[in-house]
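Predicted model and sequence follow; I will ask about them next.
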Amino acid sequence: MSMDQRVAELREERRRKYFVRGVAFAIASGICYGMYTGTLTLAETQGVWGEWFAGTEWGAGNPALSAFVITFVLAALAAGLNDIFSGIWSLAVCAKNRQLGDFWKTVKTRPGRIMILCAVIGGPLATIAYIIGLNSATAAGNPGVIVPIAALNCAIGAILGRVFFKQELNAHKIVGIIICLCTGALIGGTSFAALGPEALLGCAFAFIAAFGWGFEGCVAGFGTILIDYRIGIAIRQVTAGVLELLVMFPLLAIIGGEAACIPDLAAAALTSPALLIFVLSGFFAMPAYSFWYKGNSMCGAALGMACNGMYAFWGPFFIWLIMGVLNIGGMAADYPPLAPIQWIGALIMVVGIFCIAVDPASLFRKKNQEA
Amino acid sequence: MANELMPLYYAIMKHFMDGNEHSAQDVIDALEPNYGGYKLLTNKDVEEALDTAKENGLIDESSCDLDNSGNLLIRYQINDFGRDMIDRYIGKYNNPV
């Protein structure tokens, strides 16, 4: 074998390894996202959280919370606890890699500030919009409807990647994105016919979330070319957690005219044993987001976000596994197995991702060359 | 690590601003005096950083070779888009001389 051939071979192998590694990161992000959603859902049924969401008296005879507090204020509190613990885990990883010096220096530079902006848009704004959307759609009896809308973030991210960073977006990628969106709808078990005004409100908030995450995935993904992804995620989670707990949580309570409940809720949440489950959900949220950034920077926003978008399947899957199969939390009856349509949807989504990743036309060309 | 150095990844990218072609090992050799104590200044991590920069269009592969032990040796060179991006986002950060 000539030297040139050997070089070409090794180069092809390296390219393939890099590609597989990028896709593996992006898919792992979706799985971790499911595990984090599952544990967060569990946390919100335990201890004082269970009493809050049930709308009953809580603690030592405190009156039931208002609908506003349950919908908005608890959303910020739960997201904040999850993200702040996730931030602490992320900092621990940086410390292990002796990156804390670079972490602090990065925060003070321009790419670091852009990462903070991504955290503000994807964290407090998008996450809380998503939880509000979820809660109002649930109240309308149609929680599934917002899943495909929030999953639009992958299409929005791909479009923004094209506009901001000249990432290519050709026909097969667009087809793949559309397939993923449709299956998201399928998995969500949506009947758009049954939409009431409350569900529409939920959809509007879910769209805000989709836009926020689309922006974040695309910009922060690109940002992790210049910033190590472990540092990037530490910046993201610390920023998001602090803002959600110290700004959004009290702000939403004040907007709802319930400022008096701030200290009671905070104290109850911090002393509830359920806090330990938030520590765990934060642990899973760390790779969910850091692999998302890493995958997006390695494969481009379109493919990275489509692989991550499989969380539309992994989310319900892990909720079922943790709370149904393993019966942690003791409410197995409320969490039946996934419907066949959800498994089928997941398979079709894999086809969609494949369409984004590989140009079918190039596959045929290769076959012809070999023949 | 209290020092005046810019973050490692900035230094990796800025090393290409001289316009010459560099392999991952070249970058490590050049940064070793300042960043020798950094845990992530390894061939694997730097290679991945360069692959990612290439994938996102900041640098291009300029030549491809085998090194003395028969391993693949890829050299990269910055392009106009990369120069523009680096100037714009991390242009003003420099290490003390």
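Great, that's in hand. Residues are numbered from 1 along each chain as shown, chains lettered A, B, ... in the order given.

Show me which residues of chain B are close to chain A?
Applying Cβ under 8 Å from any Cβ of the partner chain, one finds that chain B approaches chain A through B:1-3, B:6-10, B:13, B:37-40, B:48-49, B:51-53, B:55-58, B:64-66, B:71-72, B:74, B:81, B:89-90, B:93. C-beta here means a position set from N, CA and C on the backbone, and glycine is covered the same way.

In ChimeraX, how would I select the buried members of the residues you listed?
Restricted to buried positions by 16 or more other Cβ atoms under 10 Å in any protein chain shown, the ChimeraX selection for those reads:
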select /B:6,7,8,9,10,13,38,40,48,49,51,52,53,55,56,57,58,64,72,74,89,90,93
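
Out of the residues of chain B next to chain A, name the ones that lie in strands.
Counting by DSSP state E, the residues of chain B next to chain A place B:64, B:65, B:66, B:72, B:74 in strands.

quick one: contacts for the residue nearest the centre of chain B?
The centroid of chain B falls nearest to residue B:12 when counting by Cα atoms, centre = their mean (3.2 Å). Residue B:12 makes contact with B:27, B:31, B:46, B:49, B:50 under the criterion Cβ atoms under 8 Å, 6 or more residues apart in numbering or on different chains.

Report the separation between it and residue A:44.
As defined by Cβ to Cβ, to the nearest Å, residue B:12 lies at a distance of 42 Å from residue A:44.

Then residue A:6?
Taken as Cβ to Cβ, the span from residue A:6 to residue A:44 is 57 Å.

now swap in residue A:35 and tell me
Counting by Cβ to Cβ - residue A:35 and residue A:44 are separated by 15 Å.

out of these two, which sits in the busier spot?
Taking neighbours as other Cβ atoms under 10 Å in any protein chain shown, residue A:35 and residue A:44 compare with residue A:35 leading, 24 against 21.

Which of the contacts of residue B:12 sits closest to chain A?
residue B:49 (8.0 Å; Cβ to the nearest Cβ).

distance of that closest one from residue A:107?
The spacing between residue B:49 and residue A:107, counted by Cβ to Cβ, is 20 Å.

Please apply the same query to residue A:291.
Relative to residue A:107, and taking Cβ to Cβ, residue A:291 is found at 21 Å.

Now the stretch 1-150 of chain A against chain B: closest residue?
Closest approach between the stretch 1-150 of chain A and chain B, counting by Cβ to the nearest Cβ: residue A:101, at 3.4 Å.

So which bits of the host helix or strand of that residue are buried?
Per DSSP states H and E: residue A:101 is located in helix A:100-107. Judged by neighbour count (16+ other Cβ under 10 Å), helix A:100-107 contains these buried residues: A:100, A:101, A:102, A:103, A:105, A:106, A:107.

Excluding chain neighbours, what is closest to the fifth one?
In space, not counting the residues next to it along the chain, residue A:105 is nearest to residue B:7; the distance is 5.3 Å by Cβ to Cβ, 6 or more residues apart in numbering or on different chains.

List the contacts of that neighbour.
Residues in contact with residue B:7 (Cβ under 8 Å, 6+ apart) are A:102, A:105, A:106, A:109, A:227, A:228, A:231.

need those residues in TSV with distance to residue A:219, can you?
Formatted as TSV, the contacts of residue B:7 follow (distance: Cβ to Cβ, whole Å):
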residue	distance to residue A:219
A:102	20
A:105	20
A:106	15
A:109	16
A:227	12
A:228	16
A:231	16
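
farthest-separated two in those residues?
Using Cβ to Cβ, the two most remote members of those are A:109 and A:228, lying 13.1 Å apart.

the more surrounded of the two?
A direct count of neighbours by other Cβ under 10 Å for residue A:109 and residue A:228 places residue A:228 higher, at 24 against 19.

check contacts around the more buried one.
A:99, A:102, B:7, B:8, B:9, B:40.
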